[in-house]
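**Q** Sequence unavailable; structure follows:
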């Protein structure tokens, strides 16, 4: 009898015959996502008095440990993505004794273990497609709230203040990439849902996100938006081409209405970069990337240690010798997620990280194919899969210019991917009673 119940629990998300309500564990996961992604406790400092991030983490793990049965069994997350994820944890631990600064590397590893644990807990806590849709709504809503608060509290001006700068937690470039990952979720609720309230909120959210991306002035964010738009037009096949086109036209209309002449001048430097400091300055991205590749070549096995890229810049880089002449050297970031991992965790770490992302895309594609063969009842699984694919594309594109290798943005998207692979996997055989 237990086998029959378990088979029904697995099959119900696809068949749509059962709708599970919110429960305490799912609420705690939602609060955790709101704090780790939307930083709501930093937007409204009064909330920090209650320590919502810590409280949500402890309660989520505790409730999850008490519910290791049915669709919440950790064993259901067995996949190549999970293997790469755990491999990164192990490799990060091995790199600690050989890091330039062992204290920084150890603290990185502790934080990364917490991130990976919560990734698996979030994925395991999702029971069906409805749960995943709910948490995607929380992710998108938290991003919209963060963007709206930033737009209301940080005013733009002339000169160097034409764009947003350092904000509550993210800087403007990080925020632009976060927005690029949230937009596909808003499009999912706009184009793939029948409930009017969901569509109205999605329209409002997309408008806020578009304005926030423009005011960030981020070229990487603009490129990420283009990558997402291309995928939505060509790859979001579960929504009619007309609906996709209308949705993108609406977003572009907001973009063009909100963008200033200074913004377009900044975007033009993508194609005409002669005067861009990223090409000419020692602190520009190109030279930073070259130094990062040098760290990886010099320490190909274990790298310089987790979160030690800045330490390498200030101690072993060619620029570090300038300090002997009394000149300051910036202990800066890698400004490229892949170079960050390669320099800090070596070539094996980089291969594990690439494998992590590649297997996630492969899992999403597999879910889409399976759902397409299951008929109309599984159509929402395909929409969820393609929305997640677009979001991951936004992250990968935007993070190519940022240091986001260990950020909650990526690992929350990976949690959603693992959950979708779980609930969208092959249906079990019928069990005779």
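**A** It's in. Bear in mind the structure is a predicted one, so any value in this text is a computation, not a measurement. Residues are numbered from 1 along each chain as shown.

**Q** Surely residue 348 is in contact with residue 303?
**A** No: contact criterion CB atoms under 8 Å: residue 348 and residue 303 do not qualify, at 9.1 Å. From N, CA and C alone the C-beta is placed, and that goes for glycine too.

**Q** dump the residue contacts of the residue nearest to residue 299 when sequence neighbours are not counted.
**A** Closest residue in space to residue 299, ignoring its immediate chain neighbours: residue 346 at 6.2 Å, by CB to CB, 6 or more residues apart in numbering. Neighbouring residues of residue 346 by CB atoms under 8 Å, 6 or more residues apart in numbering: 91, 95, 296, 299, 300, 301, 302, 303.

**Q** residue ranges of the strands in this structure, please?
**A** In the chain, no segments count as strands under DSSP state E.

**Q** what about it, any weak spots by pLDDT?
**A** Applying pLDDT under 70 to the chain flags the ranges 1-18, 156-162, 165-166, 273-282, 322-328, 375-377, 426-433.

**Q** returning to that earlier point: of residue 348 and residue 303, who's got more company?
**A** residue 303 (31 against 18; other CB atoms under 10 Å).

**Q** which residues sit in contact with the more buried one?
**A** Residues counted as contacts of residue 303 (CB under 8 Å, 6+ apart) are 95, 295, 296, 342, 343, 344, 345, 346, 349.

**Q** can you do 6 Å?
**A** For residue 303, the contacting residues are 95, 343, 344, 345, 346, by CB atoms under 6 Å, 6 or more residues apart in numbering.

**Q** cool, residue 130 as well?
**A** Per CB under 6 Å, 6+ apart, neighbours of residue 130: residue 19.

**Q** so where do the helices sit in the stretch 201-350 of the chain?
**A** Per DSSP state H, counting those that start in this stretch, the stretch 201-350 of the chain carries helices over the ranges 219-235, 241-258, 261-268, 277-280, 285-298, 309-315, 337-372.

**Q** how about these in JSON lines, adding distance to residue 391?
**A** Below are the helices of the stretch 201-350 of the chain laid out as JSON lines (distance: least, CB to CB, whole Å):
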{"stretch": "helix 219-235", "distance to residue 391": "8"}
{"stretch": "helix 241-258", "distance to residue 391": "15"}
{"stretch": "helix 261-268", "distance to residue 391": "22"}
{"stretch": "helix 277-280", "distance to residue 391": "26"}
{"stretch": "helix 285-298", "distance to residue 391": "24"}
{"stretch": "helix 309-315", "distance to residue 391": "26"}
{"stretch": "helix 337-372", "distance to residue 391": "10"}
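
**Q** Residue 101: which of these is closest?
**A** Nearest to residue 101, of all those, is helix 309-315, at 4.8 Å by CB to CB.

**Q** Near residue 44, how many other residues are there?
**A** Counted with other CB under 10 Å, the neighbours of residue 44 add up to 11.

**Q** Of the helices of the stretch 201-350 of the chain, which is nearest residue 86?
**A** helix 337-372 (9.4 Å).

**Q** Relative to residue 189, how far out is the nearest residue to residue 185 once chain neighbours are set aside?
**A** Leaving aside its chain neighbours, residue 185 sits nearest to residue 140 (4.0 Å; criterion: CB to CB, 6+ apart). To residue 189, residue 140 is 7 Å away according to CB to CB, to the nearest Å.

**Q** Give me the more crowded residue out of these two.
**A** The neighbour comparison of residue 140 against residue 189 (other CB under 10 Å) goes to residue 140, with 28 against 24.

**Q** Would you check that that one makes contact with residue 184?
**A** No: here residue 140 does not reach residue 184: they are 8.8 Å apart, not a contact under CB atoms under 6 Å.
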